[in-house]
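> just to be clear, the model below is a prediction. Sequence and coordinates:
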Amino acid sequence: MRSDTIKKGIERIPHRALLFATGITREDLGKPFIGIASSFTDLVPGHTQMRPLESAIENGIYAGGGRPFVFGIPGICDGIAMGHAGMHYSLASRELIADMVESIANAHCLDGLVLLTNCDKITPGMLMAAARLNIPSIVVTAGPMVTGRLRGKRLSLVRDTFEAVAKAKTGELSQKEIETVEMCACPGSGSCQGLYTANTMSCLTETMGMSLTGCATSMVALAKKERIAFESGRKIVRLVEEDVRPRSIMNKRAFHNAITVDMALGGSSNTVLHLLAIAREAKVDLPLKLFDDISKATPNICSLEPTGNFYMEDLEYAGGIPAVLKRLKESLKNNPTVNTKSIYTIADEAEITDSEVIRPLNNSYNKEGGIAILYGNLAPDGSVVKQTAVSAKMKVFQGQAICFNSEEEAMKAILNGKIQKGRVVVIRYEGPAGGPGMREMLSPTSAIVGMGLADDVALITDGRFSGGTRGPCIGHISPEAYSGGAIAAVRDGDIIKIDIPKRKLELVVSDEELKARLAKIKKPKPKITEGYLSRYARMVSSADKGAILK
């Protein structure tokens, strides 16, 4: 066992003394040491119910014959960090999480890991660590939040709070209505109710085979989730004994399956960044173009909020991810999982209980998958759009640019009514390095929807979007403005053409004019010059490479 390094031999007398100081017994020295990387925090609604799951995992590890050790990993709530300087830290925290799990696991020579996670950057950070360490690992996601209720209507975070900001600004909502929505939209713990980034990543984690069957959609605080946590603890001991490692599961086939399910679900565009980053740690070559190739061949069979009117609880009761795998089996590649069952076996054993929530392939919501990758002179290295969240009217759009060099500038203009129909809002210098941290533009996109402009205004950025974003919003534009990308050369009044079916994003100027403009642009000074974010900005790659640290 890896842990023998700190347990065995005369020279390890001091190490054993310190281990005994933690309360372990001499008998425990013969057991696998299993780390429980817990991202419990009172700051993040998706993580406040993790204490019972920690206990369930511990009990499972004991039952399986291992010795558990809980250690803490921080988490950021994207919703709370949204729309201000705090969002600079969100994506950047993914790298810290991966580094911290690696540091603890290697410093203490742990034999295996149970990764207890739930929200946007924490889950991919945990998966990056598992792939990098390549020691037996299982992921437990804490579960989705139930929908809020108000006068018989189901409520969720994005539609009923972020999109309500513009309505509140214009006086469409009274103070009492605002206070009521604030209290009712998020009724308790869990990852926010729609198919936003957190829940999409949970679904893809299960699809890749890194969490037990049913984990992704099992609702927060229910006994089913505790049973999954217990069984994950017991299972990890077996994986250690059999030396089943993450890279034997997170292989090329697993990433193919994850992208396929992502497209079928219509998941968050952030998954592109995260799957690219995880694949790099797993030593899997994953080109950006593969997302588009799979999308063109995969029908969108689910329509969850923000795109549609179903929620994670509906997906759970329709059969969860196993039911989605059943629908897609012919498009999937058979692969092992931490269940010790193959993907095909899980699909065969699944039951689909609601054919509207998980439609048949011949009755899909859209012929293509959720995400499209656009190229053109504005994005020679690619850009990302959640095409299933764009109305048919706006999939081909041409408009005049109105440019902003920060999210705050754009948000102020939107709320002050300065964005007219037929415009393309350009938000730049918000990329991985220029931001830094590639902030999500949920506040501007939600404000545009709330102002009733979703079918009249497009938004493009070298930043990114929340999984809750809907409308013609194109992000991840690469190269970013800070690195001299073409988006830096756009001027107010320029014509921008968007053609999602043809995968095109074009600035209507000649090549000569574009080159001349770019030659005159000087690289701006960094927005942040000290602390972690200044180091992050110097080391981070472009979005089309997953915004990883070089």
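Everything's here; your move.

> I'd like to know how many residues surround residue 66.
Number of residues near residue 66 (other C-beta atoms under 10 Å) recorded here: 25. For the C-beta atoms, the positions are set from N, CA and C on the backbone; glycine is no exception.

> so it touches residue 235, yeah?
No - contact criterion C-beta atoms under 8 Å: residue 66 and residue 235 do not qualify, at 10.5 Å.

> got the buried residues for stretch 3-20?
Across stretch 3-20, burial judged by 16 or more other C-beta atoms under 10 Å covers 3, 6-7, 12, 15-16, 19.

> and what of stretch 104-120?
Across stretch 104-120, burial judged by 16+ other C-beta under 10 Å covers 104-105, 108-120.

> mind exporting the C-alpha coordinates of that stretch to PDB?
Provided in PDB are the C-alpha atoms of stretch 104-120 (Å, rounded to 0.1, in the frame of the first residue of the first chain):
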ATOM      1  CA  ILE A 104      -2.700  16.200   0.900                       C
ATOM      2  CA  ALA A 105      -2.900  12.800  -0.800                       C
ATOM      3  CA  ASN A 106       0.800  12.700  -1.700                       C
ATOM      4  CA  ALA A 107       2.100  14.300   1.600                       C
ATOM      5  CA  HIS A 108       0.200  11.700   3.600                       C
ATOM      6  CA  CYS A 109       0.600   8.800   1.200                       C
ATOM      7  CA  LEU A 110      -3.100   8.000   1.000                       C
ATOM      8  CA  ASP A 111      -4.100   4.800  -0.700                       C
ATOM      9  CA  GLY A 112      -7.400   6.000  -2.100                       C
ATOM     10  CA  LEU A 113      -9.800   9.000  -2.100                       C
ATOM     11  CA  VAL A 114     -13.500   9.700  -1.800                       C
ATOM     12  CA  LEU A 115     -14.100  13.200  -3.300                       C
ATOM     13  CA  LEU A 116     -17.100  14.800  -1.700                       C
ATOM     14  CA  THR A 117     -18.100  17.700  -3.900                       C
ATOM     15  CA  ASN A 118     -21.100  19.400  -5.600                       C
ATOM     16  CA  CYS A 119     -20.600  22.800  -7.100                       C
ATOM     17  CA  ASP A 120     -19.300  24.400 -10.300                       C
END
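
> next up, phi/psi of the most centrally placed residue in the chain, please.
For the chain, the residue nearest the mean C-alpha position is residue 197 (3.6 Å; C-alpha atoms, centre = their mean). Per-residue torsions, residue 197: phi -60, psi -40 (degrees, to the nearest 10).

> again, but for residue 218
According to degrees, to the nearest 10, residue 218 has phi -60, psi 130.

> hang on, it packs against residue 229?
No - when contacts are counted by C-beta under 8 Å, residue 218 is not listed as touching residue 229 (9.6 Å).

> that older thread, how far away is the residue nearest to the centre of the chain from residue 5?
In this view, residue 197 and residue 5 are 37 Å apart by C-beta to C-beta, to the nearest Å.

> in stretch 541-550, what counts as buried?
Quick answer for stretch 541-550 (16+ other C-beta under 10 Å): 541-549.

> all helices for the stretch 351-500 of the chain, in order.
Using DSSP state H, counting those that start in this stretch, the helices of the stretch 351-500 of the chain run over 407-415, 442-450.

> related to what we said a few turns ago, report the contact partners of the residue nearest to the centre of the chain.
For residue 197, the contacting residues are 78, 120, 268, 270-271, 274, 466-467, by C-beta atoms under 8 Å, 6 or more residues apart in numbering.

> where does confidence bottom out across those residues?
Lowest pLDDT of these: residue 467, 80.

> just the strands in this protein please.
Taking DSSP state E as the test, the strands found in the chain are 33-38, 67-72, 112-117, 137-141, 148-150, 153-155, 371-376, 379-386, 396-404, 423-427, 458-461, 473-478, 495-499, 504-507.

> neighbouring strands of the second one in the sheet, and parallel or not?
To tie it back to what came earlier, the one meant is strand 67-72. As defined by DSSP bridges, the strand partners of strand 67-72 come to strand 33-38 (parallel).

> buried residues, the strand it pairs with. List them.
33-38.

> okay, it in CSV with CA atoms only?
The C-alpha trace of strand 33-38 is given here as CSV (Å, rounded to 0.1, in the frame of the first residue of the first chain):
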residue,chain,number,x,y,z
PHE,A,33,-5.7,4.8,4.5
ILE,A,34,-8.6,6.5,2.6
GLY,A,35,-8.8,10.3,2.4
ILE,A,36,-12.2,11.9,2.3
ALA,A,37,-11.7,15.2,0.5
SER,A,38,-14.7,17.2,1.8
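
> residues in contact with it?
Contacts of strand 33-38 with the rest of the structure, by C-beta under 8 Å, 6+ apart, involve 1-3, 7, 50, 54, 57-58, 61, 66-73, 101, 104-105, 108-117, 126, 129, 233, 236-237, 240.

> tilt between it and strand 112-117?
Calculated by axes from the mean of the first three to the mean of the last three C-alpha atoms, to 10 degrees, strand 33-38 forms an angle of 10 degrees with strand 112-117.

> centre of the chain to strand 33-38, how far?
Relative to the centre of its chain, strand 33-38 is centred 23 Å away, using C-alpha atoms, centre = their mean, to the nearest Å.

> list the contacts for the nearest residue to residue 297 once chain neighbours are set aside?
Leaving aside its chain neighbours, residue 297 sits nearest to residue 331 (7.2 Å; criterion: C-beta to C-beta, 6 or more residues apart in numbering). Shown in contact with residue 331 (C-beta under 8 Å, 6+ apart): 260, 297-298.

> will you turn these into TSV that also has pLDDT, neighbour count and distance to residue 476?
Putting the contacts of residue 331 into TSV (pLDDT from 0 to 100; neighbours: other C-beta atoms under 10 Å; distance: C-beta to C-beta, whole Å) gives the following:
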residue	pLDDT	neighbour count	distance to residue 476
260	98	22	20
297	98	12	21
298	98	25	20
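
> which one among the residues you listed gets closest to residue 90?
Ranked by distance to residue 90 (C-beta to C-beta), the contacts of residue 331 are led by residue 260 at 26.9 Å.

> what about the closest one, distance to residue 369?
According to C-beta to C-beta, residue 260 stands 8 Å off from residue 369.

> could you tell me which residues touch both of those two?
294, 298.

> if we can go back for a sec, residue 316: which of the helices of the stretch 351-500 of the chain is closest?
Among those, helix 442-450 comes nearest to residue 316, with 24.4 Å by C-beta to C-beta.

> for the closest one, name the packing helices and strands.
helix 164-169, helix 407-415, strand 423-427, strand 458-461 (3 or more C-beta pairs under 8 Å, 6 or more residues apart in numbering; DSSP states H and E).

> could I get that helix in CSV with only the CA atoms?
Extracted in CSV, the C-alpha atoms of helix 442-450 (Å, rounded to 0.1, in the frame of the first residue of the first chain):
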residue,chain,number,x,y,z
LEU,A,442,-24.8,35.7,-16.1
SER,A,443,-25.7,39.1,-14.7
PRO,A,444,-25.6,40.8,-18.2
THR,A,445,-27.3,38.0,-20.0
SER,A,446,-30.0,37.7,-17.4
ALA,A,447,-30.5,41.4,-17.5
ILE,A,448,-30.9,41.3,-21.3
VAL,A,449,-33.6,38.5,-20.9
GLY,A,450,-35.2,40.4,-18.1
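
> buried residues of it, list them for me.
For helix 442-450, the neighbour count (16+ other C-beta under 10 Å) marks 442-450 as buried.

> export those to JSON lines and tack on pLDDT and distance to residue 348?
Formatted as JSON lines, those follow (pLDDT from 0 to 100; distance: C-beta to C-beta, whole Å):
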{"residue": "442", "pLDDT": "86", "distance to residue 348": "39"}
{"residue": "443", "pLDDT": "88", "distance to residue 348": "44"}
{"residue": "444", "pLDDT": "91", "distance to residue 348": "45"}
{"residue": "445", "pLDDT": "89", "distance to residue 348": "40"}
{"residue": "446", "pLDDT": "87", "distance to residue 348": "41"}
{"residue": "447", "pLDDT": "89", "distance to residue 348": "46"}
{"residue": "448", "pLDDT": "90", "distance to residue 348": "44"}
{"residue": "449", "pLDDT": "86", "distance to residue 348": "41"}
{"residue": "450", "pLDDT": "84", "distance to residue 348": "45"}
